[in-house]
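> All I have is the shape, not the residue letters:
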């Protein structure tokens, strides 16, 4: 009986990992994929097709909707998960970056968790409050926005210019200075 549960669990991990690769459109680096944000040619990146997401009423946020990337405005998107320790670790750096440059861009954190289904909105709000989030937070429950970027791991961030072109893409935790420098690429 335990062997059957173990095999079922391992199969589930494989299915979820494969679904993540399909949803994000990226093969993980460990399996031969490219690092997030790398470009193989000198071509100008294509604008990202906007997606409208539900926002979450939390500190610094509001209940409603947001379109990302914002039309005719530079946009910074931080992809996070409430289950992700590095996402929580980098919140102070994000908060400082928001304080320093958040007025110049639409600054949004987005979770791809199934908010309203397996993850309650209250769980996200509690995590947001515990980690001193104080800017717009949204839920990409279908991973429609995330699928437009090569997101291989969390946390992950993208800075887009006013035309919706990605000017900075990164994964992993970063300092305030790194966030500000990345966002400034979208302002040029």
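Looks like it arrived, so ask away. Since the structure is predicted, the reported quantities are computational estimates derived from the model, not experimental observations.
> Tell me the spacing between residue 174 and residue 114.
27 Å (C-beta to C-beta, to the nearest Å). For every residue, glycine as well, the C-beta is placed using N, CA and C.
> ok, those two, which is more surrounded?
Taking neighbours as other C-beta atoms under 10 Å, residue 174 and residue 114 compare with residue 174 leading, 19 against 13.
> Give me the below-cutoff pLDDT ranges for this protein.
1-42 (pLDDT under 70).
> Tell me which stretches of it form strands.
51-55, 64-68, 75-80, 106-111, 136-139, 156-160, 166-171 (DSSP state E).
> Show me where the protein has its helices.
Under the criterion DSSP state H, helices of the chain are mapped to 2-24, 85-89, 91-101, 121-130, 176-187.
> Now for residue 145, how many residues are close by?
25.
> Next, count neighbours for the closest residue to it other than its chain neighbours.
The shortest distance from residue 145 to any non-neighbouring residue, by C-beta to C-beta, 6 or more residues apart in numbering, is to residue 51 (4.3 Å). Residues within reach of residue 51, counting by other C-beta under 10 Å, total 18.
> Check residue 104 too.
Around residue 104 there are 14 other residues, counting by other C-beta under 10 Å.
> Distance check, it against residue 177.
Relative to residue 177, and taking C-beta to C-beta, residue 104 is found at 16 Å.
> next one: residue 171
In terms of C-beta to C-beta, residue 171 sits 17 Å off from residue 177.
> Neighbour count: those two, which is higher?
When residue 171 and residue 177 are compared for neighbours, residue 171 comes out ahead with 19 against 12, by other C-beta under 10 Å.
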